[in-house]
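Participant: Dropping the sequence and predicted coords here.
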Amino acid sequence: MNPGLVSNSVIKRTSWAILIAAMLFMFSTVNAYASDSLNEDEKKLVDQGEVIVRDVSIDAQPGKTFEAIGFINTSRETVLKVLTAYEKYPEFMPNVSRVDIIEKRKPDVVLQYTLSLPLRKIKKYRLKMLMTEPDNQTLILKWQLQKWPGINPAETIKDTTGYWRIEEGTENTSLVFYHVYTDPGPIPFGLEWIVDILSEKSVPEAFLQTKARAEKIALNNGINDK
């Protein structure tokens, strides 16, 4: 047997194995941080009303992954209503100055984001949003970066994926996980702060702003807003 053919076959099998493993990781990520992933100390803090923030970055990935976890004192439906009112994001989401819906084909929605950062820096990108309901107690809104033909690479980011996971709590509350991976791509010298704004700083702020907005809606609609 030709050794070269053996090597090529091994390489092909290895490549497929890596690809399949990567795909399995991507699709299992949403389920990897369910409520049972909280350790005892984290559970105590969350039960006390705290919002905890975790750095769950993977060394092999170029970007950063953070998640915020806490209770939002309203129903899953109200939280989802806030999160799917995409064009209203500029009213409360950090750094978001504009969101345009460019494609709406159930169950997918493609959004075009514009972020306004300090020093008049602008970042733009497209996301495909997908809402799923894996069980009767959980709603998941996940996203993936989409290609934007013709955009200047300096104006966009290299990659982002993530999800909002909304689990039904008790007494009209929701346990919410906000999980975000961001790779901004090459950053010019002196602008390293962009990485923090797009990941570590924006994740807890986005969670808290969403919590405040959802709870305000619940308050305006009465305690039982289901």
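Facilitator: Okay, I see it.
Participant: going forward, measure contacts between C-alpha atoms and count neighbours the same way
Facilitator: Will do.
Participant: Just the strands from the protein, written as ranges.
Facilitator: 52-55, 64-72, 96-105, 108-117, 121-135, 138-146, 159-168, 174-183 (DSSP state E).
Participant: And the protein, what are its domain boundaries?
Facilitator: 1-32, 36-221 (automatic domain parsing).
Participant: would you turn those into TSV with mean neighbour count and mean pLDDT?
Facilitator: Compiled in TSV, the domains of the chain are given as follows (neighbours: other C-alpha atoms under 10 Å; pLDDT from 0 to 100):
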stretch	mean neighbour count	mean pLDDT
domain 1-32	11	40
domain 36-221	17	92
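Participant: Excluding chain neighbours, give the residue nearest to the spatially most central residue of the chain in space.
Facilitator: In the chain, the residue lying closest to the centroid (C-alpha atoms, centre = their mean) is Gly162, at 3.0 Å. In this structure, Gly162 finds its nearest non-sequential neighbour in Val180, 4.4 Å apart by C-alpha to C-alpha, 6 or more residues apart in numbering.
Participant: okay but the one you found is in contact with Asp159, surely?
Facilitator: No. When contacts are counted by C-alpha atoms under 8 Å, Val180 is not listed as touching Asp159 (10.7 Å).
Participant: Find the residues that touch each one of these two.
Facilitator: When contacts are counted by C-alpha atoms under 8 Å, 6 or more residues apart in numbering, Val180 and Asp159 have no shared neighbour.
Participant: Leaving aside the residues adjacent along the chain, what's closest to Phe92?
Facilitator: In space, Phe92 is closest to Gln209, 6.0 Å off (C-alpha to C-alpha, 6+ apart).
Participant: Contact partners for the closest residue in space to Glu155 that isn't next to it in sequence?
Facilitator: Spatially, and ignoring its direct neighbours in sequence, Glu155 is nearest to Lys123 (5.0 Å; C-alpha to C-alpha, 6+ apart). Listed by C-alpha under 8 Å, 6+ apart, the contact partners of Lys123 are Thr114, Leu115, Ser116, Leu117, Glu155, Thr156, Ile157.
Participant: Could you export the residues you listed to TSV, including columns for distance to Ala214?
Facilitator: Shown next, in TSV, are the contacts of Lys123 (distance: C-alpha to C-alpha, whole Å):
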residue	distance to Ala214
Thr114	23
Leu115	22
Ser116	24
Leu117	25
Glu155	31
Thr156	29
Ile157	29
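Participant: for those, which one is nearest Met129?
Facilitator: Thr114 (15.9 Å; C-alpha to C-alpha).
Participant: Just to check, that closest one is in contact with Lys124?
Facilitator: Yes. Using C-alpha under 8 Å, Thr114 is in contact with Lys124, at 4.6 Å.
Participant: hmm, back to that, from Ala154, how far out is the residue nearest to the centre of the chain?
Facilitator: 22 Å (C-alpha to C-alpha, to the nearest Å).
Participant: Pretty sure Ala218 sits against Thr74.
Facilitator: Yes. Between Ala218 and Thr74 there is a contact at 6.0 Å, judged by C-alpha under 8 Å.
Participant: give me the beta-bridge partners of the residue nearest to Glu155?
Facilitator: Leu115 (DSSP bridges).
Participant: For it, give its distance to Thr138.
Facilitator: 32 Å.
Participant: measure Ile58 to Thr132 for me?
Facilitator: 25 Å.
Participant: try Val53
Facilitator: 24 Å.
Participant: Please apply the same query to Tyr86.
Facilitator: For Tyr86, the distance to Thr132 - C-alpha to C-alpha - is 17 Å.
Participant: next one: Ile194
Facilitator: 31 Å.
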